[in-house]
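**Q** Fold the following, please.
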Amino acid sequence: MRKVNEKYRLKDFWDFGLKQFRSAIFGITIILSLIVTTFIKIPHLARYDTLLICVLVIQVILLVSKYERVYDLIPIMVFHILGMILEIFKVRHGSWSYPDAGIFKIMDVPLYSAFMYSAIGSYIVRAIKEFDLEVIHWPKWFISIGISSIIYLPELLVNFIGK
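**A** Take a look at the predicted model:
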């Protein structure tokens, strides 16, 4: 067995951590926005609306700084749209609620909430770039949809079973 220099192990570990941080920057800034807006209130602006402004500004900064490209927004927006649909569904069925006031809501779901799902899409896009990942032997589309359905259908159907 080859002995690996400890210095290189620490450097690799540090590099891994930095890549993870850079990949998660959008999600980290959303969490920081959630924390900050609990303590700092903007007069005459609801917290949910403040959060929407925050996430939009963050997204614009990531685009203007070229940290994310416009092309990267495609998968990120897919996560955003699916997240908004899931949020609306779960709120309508009473799984959770957003009781605070806000102007920018769709069916009682604040628009900022879907950006939390966008953060997952952003992480995936960034991680693929940061780690120079390549997906090979991807399953056929119907297998991917089938597996995704097996994962998500119970989450959605639980609202109809036993009612």
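**Q** Only C-alpha atoms from now on, for both contacts and neighbour counts.
**A** Will do.
**Q** SS state for the residue most central in space within the chain?
**A** By C-alpha atoms, centre = their mean, the chain has its centre lying nearest to residue 119, at 2.3 Å. Following DSSP: H, G, I helix; E, B strand; the rest coil, residue 119 is assigned to helix.
**Q** same check, this time on residue 42
**A** Residue 42 ends up coil, using three-state DSSP.
**Q** For residue 101, see how far away the residue nearest to it when sequence neighbours are not counted is.
**A** Nearest residue to residue 42 in three dimensions, chain neighbours excluded: residue 50, at 7.6 Å (C-alpha to C-alpha, 6 or more residues apart in numbering). Distance, residue 50 to residue 101, using C-alpha to C-alpha, to the nearest Å: 11 Å.
**Q** neighbour count winner among those two?
**A** Neighbours were counted for residue 50 and for residue 101 using other C-alpha atoms under 10 Å; residue 50 has more, 19 against 14.
**Q** And the more buried one, how close does it get to residue 87?
**A** For residue 50, the distance to residue 87 - C-alpha to C-alpha - is 19 Å.
**Q** Over to residue 7?
**A** 46 Å.
**Q** Of these two, which one has the most company?
**A** residue 87 (24 against 9).
**Q** Verify the stated contact: that one with residue 110.
**A** No - taking contacts as C-alpha atoms under 8 Å, residue 87 lies outside contact range of residue 110: 9.2 Å.
**Q** Give the bridge partners for residue 109, please.
**A** residue 106 (DSSP bridges).
**Q** dump the residue contacts of it.
**A** Contact analysis of residue 109 by C-alpha atoms under 8 Å, 6 or more residues apart in numbering lists 84, 87-88, 91, 97-98.
**Q** Just the pLDDT for it.
**A** pLDDT for residue 109: 97.
**Q** For residue 94, see how far away it is.
**A** 12 Å.
**Q** Now for the residue nearest to the centre of the chain: which residues touch it?
**A** 24, 26-27, 30, 76.
**Q** Considering those, which possesses the most neighbours?
**A** residue 26 (24 neighbours).
**Q** surely that one meets residue 122?
**A** Yes - shown here, residue 26 and residue 122 form a contact pair, counting by C-alpha under 8 Å, at 6.8 Å.
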